[in-house]
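Participant: The following block contains a protein sequence and its predicted model.
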Amino acid sequence: MTQQVYYVTRSSHAARVAAILGAVVLIVLIAAPWWAGRADLRLMGELFLYLALASLWNLMAGYAGLVSVGQQAYVGFGGYMLFALTMFAGLPPGLAIGLAGVLGAFIAVPTALLIFRLRGAYFAIGTWVVAEVFRLSFAQVSSLGGGSGSSLPVGIVKSLASSRSAREYLSYWLALGVAVLVVAAVYLFLRSRKGLALTAIRDNELAAASLGIDIWRTKFLVYIATAALTSVVGALIFLQKLRISPDAAFSVNDWTAFVIFIVVIGGIGTIEGPIIGTLIFFALRETLADLGTIYLLVLGLVAIVVMLKAPKGVWGLIRTRFDLQLFPLGYRVLQNDEQKGA
Amino acid sequence: MEWLNALVQGTLLGGLYALFAAGLSLIFGVMRLVNIAHGDLIVLAAYLGLSVTTTLGLHPLLALLMVMPAMAAIGYAVQRGVLNQTLGDDLLPPLLVTFGLSVIIQNGLLEVYTADPQKLNAGALETASVAVGGLSLGLLPLLTFGIAVAVIWGLQWTFYHTALGRAFRAVSDNQDIAQLMGLIRHHIFGLAMALALAVTALAGILLGVRTSFDPSIGGGRLIFGFEAVIIGGLGNLWGTLAGGVILGVAQTLGAKIDPGWQVLSGHIAFLLILAVRPNGLFPRISA
């Protein structure tokens, strides 16, 4: 009589291969300053920052059901905090970036208490109002250049590193670092107890509530954590740009529209989606950017078609076709085909 | 007197915001759809008005005779062609698809009309005014407010006194049962969007006569309309008018204190009301 042996596992062959490949790619990317040109380095730095923004937005919209079109509020807030803390408080940029995240979390608490009163789509527009309030408020601060903005003083820029190339390497590594940090944080969070609760909420809010999950609290925590990390990313974005103005800092196109397209095209509600989406977005941008507004038209069109025809995005198509999961989250029961023990 | 003047001008400005909001309110009431592209559709209407007035030499208000049916047709087509496919329990598809539409409209307008600010020329109407008890009231703001009241009244009447309105209310209450009763849901939704965009056409033309516009201002108009809807309370059309007035007054009073505060004080008024009365001042349905 043969006994069927089953076991429960999270890992899979594909995930292990992906982990090894990921580690190799990461090492290659860390070494990029030694093999990539200045322009490529800049482009990749931007790509990593977008990847971080997309992963964060995906955590909110794809898992917590908080569809925000106002994340530019925190991108701009983080950027302005970097400028204000370095220029007025004399903090070193590294510390200012971290503190921008803390302050982002602080300002997100009253914001969340207000806009969580709005449901669904109205929540989305409510977040936009908040971003507008931030933009108009920072435009009133004349010491930060008011409506026309200001540049990071040379002394502060130089304090980062003395030579120009060293500064560029540093800002590249910071961008890479924050992208890895965000993706890893999202992954570990979703594997945790709270992450399981969040996935349950995503799948069925009513059922999740009946199992004793505090939905409001879980969403609130996700919103605050996302705000903090988005502020950090914002600070890094404007450390790369060295210049800030209200319109650039709180741009709905740059920091929300593109991010939404990345997530939707890549695959919303998956960790892999934003990564693939970012790669596709930058590939499209580098090939079509000369077309100007046509490029944005195409992007909008692609996003609509994906949403209607393949709502789970490119990664969703791949996953259903090959049953792949590179970041193993769910458990699966497998049958043991080898004879183990007796 | 200056403050009274600001109050009255703000009230009249509120009429325009109520027109921005009426379309949003109507669509939400019938199919629970929040259209992120609403502001860009207002701007699209203004540009259609521009094309009609410059090519045919018509007065902007006469151009409405062509722009309103055009916008209604666009609304019906977009609803049947795209938006109906997104409706369901999931919130994401309609949001993201209308967001995509917003980007497409905005960049389409940029491509066709460039980023130069434009304005509709309404001749003497723009500067005409009447003196009422020491205040000088612009004819155009008065007309706008009158149109807003008429539109809200008309929508209210349509909702409660016509077969179409009955159909709107039926699909709003329960789509499946309405379908069983012989209403074609997708067609009704198309008609609702057509009606909403006809109102949007009015809003767009009046906006274009009042101020200059460019393709990028849609988002701002969406936010004003949205604030008016939430302040007034979801699903209440007269409430939406009140919400528009409150927003308009908050803005003109803010501008009186400091011109840089105009838009900001409107947003702050909205957030304050949201903090005190989360369902708006006169709620009819819960979201």
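Facilitator: That came through fine.

Participant: Using the three-state scheme, assign the closest residue to B:I230 other than its chain neighbours.
Facilitator: Nearest in space to B:I230, with sequence neighbours left out and distances taken as CB to CB, 6 or more residues apart in numbering or on different chains, is B:G280 at 5.5 Å. Every residue, glycine included, has its C-beta placed from N, CA and C. Here B:G280 is coil, with the state taken from DSSP: H, G, I helix; E, B strand; the rest coil.

Participant: pretty sure B:G280 is touching B:I246, no?
Facilitator: No: between B:G280 and B:I246 there is no contact under CB atoms under 8 Å: 10.3 Å.

Participant: Which residues are in contact with each of those two?
Facilitator: In terms of CB atoms under 8 Å, 6 or more residues apart in numbering or on different chains, B:G280 and B:I246 are both contacted by the residues B:231, B:273.

Participant: if we can go back for a sec, roughly how far apart are the residue nearest to B:I230 and B:W238?
Facilitator: Per CB to CB, to the nearest Å, B:G280 is found 12 Å from B:W238.

Participant: likewise B:E2?
Facilitator: For B:E2 relative to B:W238 (CB to CB), the value is 29 Å.

Participant: Of these two, give the one with the bigger neighbour count.
Facilitator: The residue with more neighbours, out of B:E2 and B:W238, is B:W238; 16 against 7, by other CB atoms under 10 Å in any protein chain shown.

Participant: Contact partners for residue 251?
Facilitator: The chain I'm using is chain A. A:Q72.

Participant: nope, chain B please
Facilitator: Contacts of B:Q251 (CB under 8 Å, 6+ apart): B:10, B:13, B:262-263, B:265-266.

Participant: For the residue of the stretch 101-250 of chain A found nearest chain B, which non-adjacent residue is closest in space?
Facilitator: Nearest to chain B, among the residues of the stretch 101-250 of chain A, is A:A121, at 3.3 Å (CB to the nearest CB). Spatial nearest neighbour of A:A121, excluding adjacent residues (CB to CB, 6+ apart): B:V34 at 3.3 Å.

Participant: Secondary structure of the one you found: a helix, I assume?
Facilitator: No: assigned with three-state DSSP, B:V34 falls outside any helix and is coil.

Participant: which residues of the stretch 201-342 of chain A fall in helices?
Facilitator: Assigned by DSSP state H, counting those that start in this stretch, the helices in the stretch 201-342 of chain A fall at A:205-210, A:215-241, A:246-249, A:252, A:258-266, A:272-288, A:293-309, A:313-322.

Participant: Tell me the strands beside the lowest-mean-pLDDT helix or strand in chain A, with direction?
Facilitator: Across the helices and strands of chain A, mean confidence by mean pLDDT, DSSP states H and E is lowest for strand A:332-336: a mean of 72. Sheet pairing for strand A:332-336, assigned by DSSP bridges, gives strand A:5-9 (antiparallel).

Participant: Can you give the distance of the strand it pairs with from its chain's centre?
Facilitator: Between the centre of strand A:5-9 and the centre of its chain there are 34 Å (CA atoms, centre = their mean, to the nearest Å).

Participant: Which strand or helix spans residue 16?
Facilitator: This is for chain A. Applying DSSP states H and E as the criterion places A:R16 in helix A:13-30.

Participant: hmm, I had chain B in mind actually
Facilitator: Secondary structure (DSSP H and E) places B:L16 in helix B:2-31.

Participant: Which positions in that helix come out as buried?
Facilitator: By neighbour count on 16 or more other CB atoms under 10 Å in any protein chain shown, the buried set for helix B:2-31 is B:6-31.

Participant: One more: stretch A:282-292?
Facilitator: A:282, A:284-285.

Participant: go on, stretch B:263-275?
Facilitator: For stretch B:263-275, the neighbour count (16+ other CB under 10 Å) marks B:263-271, B:273-274 as buried.

Participant: who touches A:T199 in this structure?
Facilitator: The contact partners of A:T199, by CB under 8 Å, 6+ apart, come to A:63, A:190, A:329.

Participant: what about the second one, helix or strand, and which?
Facilitator: Looking back up the chat, that one is A:L190. helix A:164-191.

Participant: what do you get for A:S11?
Facilitator: Per DSSP H and E: nothing holds A:S11, as it lies in no helix or strand.
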